[in-house]
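Q: predicted coordinates and the sequence they were generated for:
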There are 2 protein chains.
Amino acid sequence: MDFKEILKDMVKRVDGGRAAVLMGYDGIPIEEYRREGVDTDIQLIGVEYSTIIKEMKRASEILEGGELAEVSVVTGNGIVVVRGVSDEYFLMISLTAEGNLGKARYMLKMAVPKLKELL
Amino acid sequence: MDFKEILKDMVKRVDGGRAAVLMGYDGIPIEEYRREGVDTDIQLIGVEYSTIIKEMKRASEILEGGELAEVSVVTGNGIVVVRGVSDEYFLMISLTAEGNLGKARYMLKMAVPKLKELL
């Protein structure tokens, strides 16, 4: 499987999955997948969150919280789950507000080693 | 129930629950509860995250994501779940890395209306 196929498989298997992106912490995307008919701008979300996630990594180090593994954000219009892939890249998925957060967390966890192999 | 009792009840009912705090987005706490023998500095975590959460609220507005409801962060040493209580205050719980994130999310959701009544 290539990057796109891994992202597609992940989005399709999560209830409410809208889109996913593999992105650098510098906000530059490697690959994205969007379910047909979905207009979520996953790259824009990724760029906005990349700064916040960098800030969280820093906070986690200050608080001796260990390595940042995963962040989930629930808002009125949807859910975003982010998981670190390497020091440089993270994986992000966007779900509808009714999406299955637990399944998304699981699918991200499963996808990370596959993406790592390709990086 | 007063603030302390609500926090205590929440921490005690979540597997791996360490501590909880009700805090302003300005980093000033109203009340905290720490399980006996736990040395988690929940106020310090709250202060560090309050800035990040403010940043997330801003990002969520920019992205038209609607109101920020909940943030979960999993690191090597533990889990933190945050839920907005009002425009001024948020509720935060700290769990061990093996803690029950799903139960914590549920308990926070249940605690918020009770806290709101007291504010």
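A: Yep, it's here.
Q: just the pLDDT for the most centrally placed residue in chain A.
A: Residue closest to the average C-alpha location in chain A (Cα atoms, centre = their mean): A:Met92, at 1.0 Å. At A:Met92 the predicted local confidence, pLDDT, stands at 96.
Q: just confirm it is within a strand.
A: Yes - A:Met92 forms part of a strand when assessed by DSSP: H, G, I helix; E, B strand; the rest coil.
Q: quick one: contacts for it?
A: For A:Met92, the contacting residues are A:Ala20, A:Val21, A:Met23, A:Ile42, A:Ile45, A:Gly46, A:Tyr49, A:Val80, A:Val81, A:Val82, A:Arg83, by Cβ atoms under 8 Å, 6 or more residues apart in numbering or on different chains. (Each C-beta comes from the backbone N, C-alpha and C, glycine too.)
Q: surely A:Arg34 meets A:Thr40?
A: Yes - counting by Cβ atoms under 8 Å, A:Arg34 touches A:Thr40, with 6.6 Å between them.
Q: need the overlap of contacts for the two.
A: With contacts defined as Cβ under 8 Å, 6+ apart, the residues shared by A:Arg34 and A:Thr40 are A:Arg18, A:Ala19.
Q: beta partners of the residue nearest to A:Lys57 when sequence neighbours are not counted?
A: Nearest residue to A:Lys57 in three dimensions, chain neighbours excluded: A:Leu68, at 4.8 Å (Cβ to Cβ, 6 or more residues apart in numbering or on different chains). The bridge-partner assignment for A:Leu68, based on DSSP bridges, gives B:Thr75.
Q: what sits closest to the residue nearest to the centre of chain A if chain neighbours are left out?
A: Leaving out its chain neighbours, the residue that sits closest to A:Met92 by Cβ to Cβ, 6+ apart is A:Val82, at 4.7 Å.
Q: repeat for A:Phe3
A: Distances taken as Cβ to Cβ, 6+ apart place A:Glu31 nearest to A:Phe3, at 3.8 Å, with adjacent residues excluded.
Q: A:Ser82 belongs to a helix?
A: Let me fix one detail, which is that residue A:82 is Val and not Ser. No - with three-state DSSP as the criterion, A:Val82 is strand rather than part of a helix.
Q: so what's it up against?
A: Applying Cβ under 8 Å, 6+ apart, one finds that A:Val82 lies in contact with A:Tyr49, A:Ile53, A:Glu70, A:Val71, A:Ser72, A:Val73, A:Phe90, A:Leu91, A:Met92.
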